[in-house]
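In: Give me the fold of what follows.
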Amino acid sequence: MQRQLTVAVEVIIPIINLPTTVLEAVIVAIAEQDLRQMLTLAGHQQEVEIRAAVRQEVVHQQEGNMKKNSLIFTMLYAFLSGSIIYAQNLNEVVRYSTETLNGTARYQASGGAFGALGGDLSAISNNPAGSTVFAFSEASVTADFQSFENDATFYGNQESDQKNSFNIGQGGFVLVLKNASASKWDKLAFGFNTQLVNNFNKQVYFEGTNTNSGLQTYFLAHATGVSYDFDLRDTRNISNEYLFQGNRGYSAQQTYLALRSYLMNYDENTNEYFVPGVFNSVMGINQTHLNYSTGGQRLYTLNFAGRFNNKFSIGANINFYSIDYSETKETFDYYTDQSNSFIKEALFQEELRTFGTGVSLQVGAIFQASKTLRLGLSYTSPTFYALEDEQMQALSVKSQEDLEGDVYTEVIEPNVVNVIGPYNVQTPSKTQASAALVVGTSGFVSADFGVKNYANSNISDNNGTDYGYLNDSIENDLNSSTFMRIGGEKRFGDFTLRAGYWMEESPYKNNIINEDFTGFSLGLGIRFGGSALDFAFGASDQKYRQQMYSLGLTDYADINQRSKQIALTYSFVF
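Out: A predicted model of the protein is given here:
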């Protein structure tokens, strides 16, 4: 069974040793069900498992503090329960498996086609053998400005939204050791590089008249199969009841929100859930949806490589990933037939944060076939992530008991943070072949071609949770995806011009869900003795479908996402 706890658990250990006055304040915060205040008092969060060992540690506190510590633990544990919740979905697997073009400005300007070239710090993450191409030890840092513009079409209505962000997109160094002995291994290189691989700072907004379904459809779908066992008189209060329903599953929590807000009712005679609103299929529901995300996915690479006989280089990387993804989702329904509908308005809000780390191994080789031709080959193992989700929900409904009566507003805010996980995500491996034509010191033309099999992705955990439904969907709906990168560079003394193009196929068998990803780039660079300043501009385009929810309210908007990126890199030898 997958764990569903609340963030309140994470502050148990820090607070049990606080002074008496702070402990009393925490007790007051618990009594008021204000979890946010508890977090402030605790000062920070820690990952804590509820195990018998932790229970015993609390019980065996010093005699003078035992009563207070036990009281706090009991009160917190009373409304912290285990539950099954399926927050993961197919889009999450694709999100963390797809890497956009980032790195140094030189790398971006040339379309990332460095698999047979090397000699750039971001190229190390492309092909580990590339670090031996450096003539000297070198370091670089890159600043990025990125803009995402999304045009959304929903039931014939089009809306546009834009979000900009600034990042330190790359930083790293490489140490080059030349072998002066007679050994044919004439060069060794050690490197470290970190760069952003995904920028999640995006915003999608759409609205339109939905004549098919509304939020009631979402909650009614979750209520299917959920037995009626709810405290709607607030005997346990909203927070505790929401947590209690978590023991029965995520759908039970959704059912409780809808019942407590009067968005949905239950008929004891027929033992069926029903919705009191009147859905006018002609007038429909004026529906708005906002999806706002922040955060990023970052790669940290440790590199080692060696060159043999001045022609053949091999290298290996240990890649570490960090993920911090936050999403706010809001859906607002306004019933257009106000005079005949018991439900007037409904607003459903969700906040989700996903965070964790991953690791993969990478090997590669570069062979200098001739004075101008270089060939490259690299393989990246699947990336193994350990992730956790934190989720909060709230539902506000404006309704009336009868059409002639008063209008009431019910705001249901459990103020509970569901902690889901940890769970494991395995993203696909990657195989890449590369070729480059290098014309002395005047320039090059290079190309990479590779493949990733998304159908080999997998989700699991260590608690025996059944992810069969999702892994079957991965196998049935995802496919192998090829990618291609082409780039070139032309030097004019200390001045350099660059251009590139890249394309990655959709990982979905039905590519209407997510079409191919394409982009182009331009750039220039100038050298100042032992240092260089490089500039890049890139633009990409992708069309996809954004589904509102995975159950019930499964309507979607067609999104045309356009991204523009500017990068500036300073590098120097040492």
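
In: okay, how far is it across stretch 212-228, tip to tip?
Out: This stretch, stretch 212-228, spans 27 Å end to end (Cα to Cα, to the nearest Å).

In: How far off centre is that stretch?
Out: 27 Å (Cα atoms, centre = their mean, to the nearest Å).

In: Which of the residues in it are classified as buried?
Out: Ser213, Gly214, Leu215, Gln216, Thr217, Tyr218, Phe219, Leu220, Ala221, His222, Ala223, Val226 (16 or more other Cβ atoms under 10 Å). Backbone N, C-alpha and C define where each C-beta goes, glycine included.

In: who's in contact with it?
Out: 248-252, 254-255, 257-258, 263-264, 266, 268, 271, 273-275, 277, 279, 285, 287, 331, 333, 335, 343, 346, 348, 548-549, 551-555 (Cβ atoms under 8 Å, 6 or more residues apart in numbering).

In: Mark which of those are buried, thanks.
Out: 248-252, 254-255, 257-258, 263-264, 266, 273, 275, 277, 279, 285, 287, 331, 333, 335, 343, 346, 348, 548-549, 552-553, 555.

In: Which members of these occur in helices, if any?
Out: Counting by DSSP state H, the buried ones among the contacts of stretch 212-228 place Tyr250, Ser251, Ala252, Gln254, Thr255, Leu257, Ala258 in helices.

In: Now do Val93, the pLDDT please.
Out: With respect to pLDDT, Val93 scores 89.

In: Spit out the contact partners of it.
Out: With contacts defined as Cβ under 8 Å, 6+ apart, the neighbours of Val93 are Val425, Thr427, Tyr454, Ser457, Ile459, Ile474, Leu478.

In: What residues sit buried inside the host helix or strand of it?
Out: Assigning secondary structure by DSSP states H and E places Val93 in helix 90-97. For helix 90-97, the neighbour count (16+ other Cβ under 10 Å) marks Leu90, Glu92, Val93, Val94, Arg95, Tyr96, Ser97 as buried.

In: With Tyr501 as the reference, measure out to the last one.
Out: Spelled out, that is Ser97. 22 Å (Cβ to Cβ, to the nearest Å).

In: for the fifth one, same thing?
Out: Applying Cβ to Cβ, one obtains 24 Å for the distance of Arg95 from Tyr501.

In: Wasn't Leu470 part of a helix?
Out: Yes - judged by DSSP: H, G, I helix; E, B strand; the rest coil, Leu470 forms part of a helix.

In: so what's the nearest residue to it once chain neighbours are set aside up against?
Out: Spatially, and ignoring its direct neighbours in sequence, Leu470 is nearest to Ile459 (5.4 Å; Cβ to Cβ, 6 or more residues apart in numbering). Going by Cβ under 8 Å, 6+ apart, Ile459 touches Gln88, Val93, Tyr423, Asn424, Val425, Gln426, Tyr467, Leu470, Asn471, Ile474.

In: out of those, which one sits closest to Thr383?
Out: Thr383 lies nearest to Gln426 out of the contacts of Ile459, by Cβ to Cβ, at 7.3 Å.

In: Tell me how many other residues crowd that closest one.
Out: Neighbourhood size, Gln426 [other Cβ atoms under 10 Å]: 20.

In: ok, and for stretch 505-524, which residues are buried?
Out: 505-508, 513-515, 517, 519-524.

In: Need the distance between the two termini of it.
Out: Stretch 505-524: ends 28 Å apart by Cα to Cα.

In: if we can go back for a sec, what's the helix or strand for the residue nearest to Leu470?
Out: Going by DSSP H and E, Ile459 is part of strand 458-460.

In: and that strand, average pLDDT?
Out: Here the average pLDDT along strand 458-460 is 93.

In: ok, then the element right after the helix holding Val93?
Out: Defined by DSSP H and E, the subsequent element after helix 90-97 is helix 105-109.

In: Counting by contacts, list what that following helix packs against.
Out: For helix 105-109, the elements it packs on are strand 495-504, strand 517-528, strand 531-547, strand 556-573, judged by 3 or more Cβ pairs under 8 Å, 6 or more residues apart in numbering; DSSP states H and E.

In: let's go with 10 Å and repeat that
Out: helix 123-126, strand 138-154, strand 157-178, strand 480-492, strand 495-504, strand 517-528, strand 531-547, strand 556-573 (3 or more Cβ pairs under 10 Å, 6 or more residues apart in numbering; DSSP states H and E).

In: Now do the shortest one: which elements does it pack against?
Out: Here helix 123-126 is seen to pack against helix 105-109, strand 157-178, strand 185-199, strand 285-308, strand 312-335, strand 343-368, strand 373-380 when contacts are counted using 3+ Cβ pairs under 10 Å, 6+ apart.

In: Just name the most buried of the ones you listed.
Out: Counting by mean count of other Cβ atoms under 10 Å, helix 105-109 has the highest mean neighbour count of the helices and strands packed on helix 123-126, with a mean of 31.

In: Hmm, Phe274 is touching Leu263, no?
Out: No - in this structure, Phe274 is not within contact of Leu263 by Cβ atoms under 10 Å, at 11.1 Å.

In: residue contacts, the spatially most central residue of the chain?
Out: Note on the chain: the residue nearest the mean C-alpha position is Tyr325, at 4.2 Å, using Cα atoms, centre = their mean. Contact partners of Tyr325, counting by Cβ atoms under 10 Å, 6 or more residues apart in numbering, are 92, 95-96, 198, 200, 293-297, 352-356, 387, 389.

In: so how far is Gln393 from it?
Out: Tyr325 is 17 Å from Gln393, by Cβ to Cβ.

In: Chain neighbours aside, what residue packs nearest to Ser473?
Out: That would be Leu90: by Cβ to Cβ, 6+ apart, it lies 5.4 Å from Ser473.

In: Look up how far Asn418 lies from the one you found.
Out: 21 Å.

In: just Ser434 next, same as before
Out: From Ser434 over to Asn418 the distance is 45 Å, taken as Cβ to Cβ.

In: Same check on Val174?
Out: Taking Cβ to Cβ, one finds Val174 at 44 Å from Asn418.

In: Might one say that Leu259 is in contact with Phe230?
Out: Yes - contact criterion Cβ under 10 Å: Leu259 and Phe230 qualify, at 5.8 Å.

In: joint contacts of those two?
Out: Common neighbours of Leu259 and Phe230 (Cβ under 10 Å, 6+ apart) are Tyr266.

In: Torsion angles phi and psi at Ala129?
Out: Here is the backbone geometry of Ala129 (degrees, to the nearest 10): phi -70, psi -10.

In: Look at it and say how many residues are nearby.
Out: Look at Ala129: counted by other Cβ under 10 Å, it has 31 neighbours.

In: How about the contacts made by it?
Out: With Cβ under 10 Å, 6+ apart, Ala129 has these contacts: 115-116, 118, 123, 189, 303, 305-307, 312-317, 363-367, 376-378.

In: Swap in 8 Å and give it another go.
Out: Gly118, Ala305, Ser313, Ile314, Gly315, Gly364, Ala365, Ile366, Gly376, Ser378.

In: okay, those residues in a markdown table with distance to Gly443 and pLDDT next?
Out: Listed next are these as a markdown table, based on distance: Cβ to Cβ, whole Å; pLDDT from 0 to 100:
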| residue | distance to Gly443 | pLDDT |
| --- | --- | --- |
| Gly118 | 16 | 96 |
| Ala305 | 24 | 98 |
| Ser313 | 21 | 98 |
| Ile314 | 26 | 98 |
| Gly315 | 24 | 98 |
| Gly364 | 23 | 98 |
| Ala365 | 24 | 98 |
| Ile366 | 18 | 98 |
| Gly376 | 18 | 98 |
| Ser378 | 23 | 98 |
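
In: could you dump these to a markdown table with distance to Gly103?
Out: Putting the contacts of Ala129 into a markdown table (distance: Cβ to Cβ, whole Å) gives the following:
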| residue | distance to Gly103 |
| --- | --- |
| Gly118 | 13 |
| Ala305 | 18 |
| Ser313 | 20 |
| Ile314 | 22 |
| Gly315 | 17 |
| Gly364 | 16 |
| Ala365 | 21 |
| Ile366 | 18 |
| Gly376 | 16 |
| Ser378 | 15 |
